[in-house]
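Participant: need coordinates for the following:
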Amino acid sequence: MLADELADYSEGPYTAVVLEQAAAELRRLHAENEELRRCAEVEEVEKYAAANRRLYALNGELLESLKECLNCEFAVTDKAAISKARAAIAKAEGA
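Facilitator: As a prediction, this is how the structure comes out:
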């Protein structure tokens, strides 16, 4: 029995069978809605987890690039750049 059919019954006479069918359909629809809500929540968590993994990987690449940059000849002459790079590396490594 569909929800719109249940709505039609609200305008007519009630019988015990109709009320039982209505109750069963409402319970089924509620269960289906809960399952859809749960799936949406899982999907949302998976989406954010994937984004977090991408950002974590990117951070690792940027950290390695920054470390390599410290070894470049042009960076060695700029003490402020070296200091900033070292601070960023320490922060990224959790030091």
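Participant: quick one: list the elements packing against the longest helix seen in the chain.
Facilitator: Criterion DSSP state H: the longest helix present in the chain is helix 16-70. Helices and strands touching helix 16-70, as assessed by 3 or more CB pairs under 8 Å, 6 or more residues apart in numbering; DSSP states H and E, comprise helix 3-9, helix 79-92. C-betas here are computed from N, CA, C, even on glycine.
Participant: low-confidence ranges, the chain, go.
Facilitator: Applying pLDDT under 70 to the chain picks out residues 1-3, 5-14, 73-77, 95.
Participant: quick one on the thing from earlier: in JSON lines: the helices and strands packed on helix 16-70, plus distance to residue 32 and mean neighbour count.
Facilitator: Below are the helices and strands packed on helix 16-70 laid out as JSON lines (distance: least, CB to CB, whole Å; neighbours: other CB atoms under 10 Å):
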{"stretch": "helix 3-9", "distance to residue 32": "11", "mean neighbour count": "11"}
{"stretch": "helix 79-92", "distance to residue 32": "46", "mean neighbour count": "12"}
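Participant: quick one, which of those is nearest to residue 21?
Facilitator: helix 3-9 (8.0 Å; CB to CB).
Participant: which one of the helices and strands packed on helix 16-70 lies nearest to residue 68?
Facilitator: helix 79-92 (10.2 Å).
Participant: who are the packing partners of that closest one?
Facilitator: Counting contacts by 3+ CB pairs under 8 Å, 6+ apart, helix 79-92 packs against helix 16-70, helix 73-76.
Participant: so what's the gap between the first one and the chain middle?
Facilitator: Taking CA atoms, centre = their mean, to the nearest Å, one finds the center of helix 16-70 at 5 Å from the center of the full chain.
Participant: what's the angle between that helix and helix 79-92?
Facilitator: 140 degrees (axes from the mean of the first three to the mean of the last three CA atoms, to 10 degrees).
Participant: since that was my last question, I'll sign off now.
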